[in-house]
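Undergrad: just to be clear, the model below is a prediction. Sequence and coordinates:
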Amino acid sequence: MPVPKRKTSKSKRDKRRTHKKIEGQAVMTCPDCGEAKLPHHVCRECGIYRGRNVIDTEG
């Protein structure tokens, strides 16, 4: 069974791991109320999705 001949250096190891980073979520602003929301999701503040009122947010 093959075995590495030399120890992998920290530099080589870290170069290999450059693509395994975590990226932040995409956030956009609601066109109606201006609050931050996830794309393709209903706005939690005003309850509007694609110009239609989907959730009644008034208490």
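TA: Yep, that arrived. Numbers count the residues shown, from 1 in each chain.

Undergrad: how close does Arg17 sit to Val54?
TA: Distance of Arg17 to Val54, given as C-beta to C-beta, to the nearest Å: 42 Å. All C-beta spots, glycine's among them, are computed from the backbone N, C-alpha and C.

Undergrad: for the two, indicate the residue with more neighbours.
TA: Val54 (12 against 9; other C-beta atoms under 10 Å).

Undergrad: wait, isn't the more buried one in contact with Ile48?
TA: Yes: at 6.7 Å, Val54 counts as touching Ile48 under the criterion of C-beta atoms under 8 Å.

Undergrad: mind listing the shared neighbours of the two?
TA: Common contacts of Val54 and Ile48 (C-beta atoms under 8 Å, 6 or more residues apart in numbering): Val42.

Undergrad: tell me if Arg13 really is in a strand.
TA: No: according to DSSP: H, G, I helix; E, B strand; the rest coil, Arg13 belongs to no strand; its state is helix.

Undergrad: and it, how many residues sit next to it?
TA: 10.

Undergrad: which non-adjacent residue is nearest the residue most central in space within the chain?
TA: What sits nearest the mean C-alpha location of the chain, by C-alpha atoms, centre = their mean, is Gln25, with 1.9 Å. Spatial nearest neighbour of Gln25, chain neighbours left out: Leu38 (6.7 Å); criterion: C-beta to C-beta, 6 or more residues apart in numbering.

Undergrad: for Pro39, same thing?
TA: The nearest residue in space to Pro39 (C-beta to C-beta, 6+ apart) is Met28, at 5.2 Å.

Undergrad: OK, contacts around the one you found?
TA: Met28 neighbours (C-beta under 8 Å, 6+ apart): Ala36, Lys37, Leu38, Pro39.

Undergrad: how many other residues sit next to the second one?
TA: It stands for Lys37. The number of residues packed near Lys37 is 20, by other C-beta under 10 Å.
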